[in-house]
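One predicted model, sequence on top.
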Amino acid sequence: MPLAFYYDLMSQPCRALYIFLKMTDIPFESKEIALRKLEHQSDEFSEINPFKKVPVIGDSGFLLTESVAIFMYLCDKYEKLDWYPKDLRARAHVNEYANWQHSNLRANGSMLFRTKIITPRLTNKATQ
């Protein structure tokens, strides 16, 4: 049974995992969840993730949410040591960055994307 990947490419964490999966040739079955159509709010999806968020992976009945946790799990399972080293100190630096970026870089990048791309499209007003 291939890895099931539930995602919407409008979500930055989903895009990051999608790129990672493609770059590392990890086989997966696409399970697109259209956030704009509120598919993540369905009863069916809440059985996959009660928090009703993407990304999610399903691996032979094992479900995992949160992009950084998924990244770490896949690196360990598929031995992607060039992405996530076994050496404790080297791995600690990857963990340090992964935790920092989620709270800092991602949050600010998301607001920039919303301000420059999403809001202008929703309001039909160009940004300056």
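Arrived safely, thanks for sending.

mind checking the longest helix of the protein?
Criterion DSSP state H: the longest helix present in the chain is helix 88-103.

Which helix or strand lies directly C-terminal to that one?
helix 105-113 (DSSP states H and E).

in that next one, what counts as buried?
residue 106 (16 or more other Cβ atoms under 10 Å). For the C-beta atoms, the positions are set from N, CA and C on the backbone; glycine is no exception.

CA-only coordinates of the longest helix of the chain in PDB, if you can.
Extracted in PDB, the C-alpha atoms of helix 88-103 (Å, rounded to 0.1, in the frame of the first residue of the first chain):
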ATOM      1  CA  LEU A  88      22.900  13.500  17.000                       C
ATOM      2  CA  ARG A  89      24.500  16.900  16.800                       C
ATOM      3  CA  ALA A  90      23.900  17.400  13.100                       C
ATOM      4  CA  ARG A  91      20.300  16.200  13.500                       C
ATOM      5  CA  ALA A  92      19.900  18.700  16.400                       C
ATOM      6  CA  HIS A  93      20.800  21.500  14.000                       C
ATOM      7  CA  VAL A  94      18.200  20.300  11.500                       C
ATOM      8  CA  ASN A  95      15.600  20.100  14.300                       C
ATOM      9  CA  GLU A  96      16.600  23.600  15.500                       C
ATOM     10  CA  TYR A  97      16.000  25.100  12.100                       C
ATOM     11  CA  ALA A  98      12.800  23.100  11.400                       C
ATOM     12  CA  ASN A  99      11.300  24.400  14.700                       C
ATOM     13  CA  TRP A 100      12.500  28.000  14.100                       C
ATOM     14  CA  GLN A 101      11.300  28.200  10.500                       C
ATOM     15  CA  HIS A 102       7.800  27.000  11.400                       C
ATOM     16  CA  SER A 103       7.300  29.800  13.900                       C
END
